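> Only the shape, not the letters, is given here:
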């Protein structure tokens, strides 16, 4: 029996830019929020802190839940809890401790680049570009 995969992600905004993880595939560069899968016995706050340290080398403080997003397809069901976070120590020279496969780095992506970049999932970019602070559940949309 398959079960949903739960992940914790960080929404870190600074000077009209959002912290993203950068990947490269055959179609070029693409971005997503930092974070990843929750391990058995790990609470979501610990998960998001660990994932950000692994992917960026940064230490964060974790705030409120900003978005919940589901993705349901034939062979997978993912639930992402996205927390508003802040960088504790902006150590831009920090290196990821355990980057994801395919990850080529991390960067601050300007808000005005969200609409024209390959940023996934798209509903997060759209939500960031709106002023609807009540929007939390993004549902099962690409």
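Ah, there it is. The shown structure was predicted, so the numbers you read here are calculated from the model rather than taken from an experiment.

> Can you name the residues that contact the nearest residue to residue 39 once chain neighbours are set aside?
Once flanking residues are discounted, residue 39 sits nearest to residue 47: 6.9 Å by Cβ to Cβ, 6 or more residues apart in numbering. No exception for glycine: its C-beta is placed from N, CA and C like everyone else's. Listed by Cβ atoms under 8 Å, 6 or more residues apart in numbering, the contact partners of residue 47 are 7, 8, 35, 36, 37, 38, 39.

> and what of residue 96?
Applying Cβ under 8 Å, 6+ apart to residue 96 gives the contacts 54, 55, 56, 57, 103, 106.

> Can you give me the pLDDT of it?
According to the prediction, residue 96 has pLDDT 80.

> Kindly report the same for residue 74.
80.

> now do the one 10 residues further on
Per-residue confidence (pLDDT) for residue 84: 95.

> again with residue 26
For residue 26, pLDDT reads 92.

> so where's this structure uncertain?
Counting by pLDDT under 70, the chain has low-confidence residues at 1, 89-94, 131-133, 140-142.

> need the contact list for the residue nearest the centre of the chain.
Per Cα atoms, centre = their mean, the C-alpha nearest to the average position across the chain is that of residue 33, at 2.2 Å. By Cβ under 8 Å, 6+ apart, the contact set of residue 33 is 9, 10, 11, 18, 19, 20, 21, 82, 124.

> now residue 124
11, 33, 67, 69, 82, 138.

> Serialize the residues you listed to a markdown table and add fields for secondary structure.
Formatted as a markdown table, the contacts of residue 124 follow (DSSP: H, G, I helix; E, B strand; the rest coil):
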| residue | secondary structure |
| --- | --- |
| 11 | strand |
| 33 | coil |
| 67 | strand |
| 69 | strand |
| 82 | strand |
| 138 | strand |
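
> So how do I select the buried members of those in PyMOL?
Here is the PyMOL command that selects the buried residues among those (16 or more other Cβ atoms under 10 Å):
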select buried, resi 11+33+67+69+82+138
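
> What about residue 24, how many residues nearby?
12 (other Cβ atoms under 10 Å).
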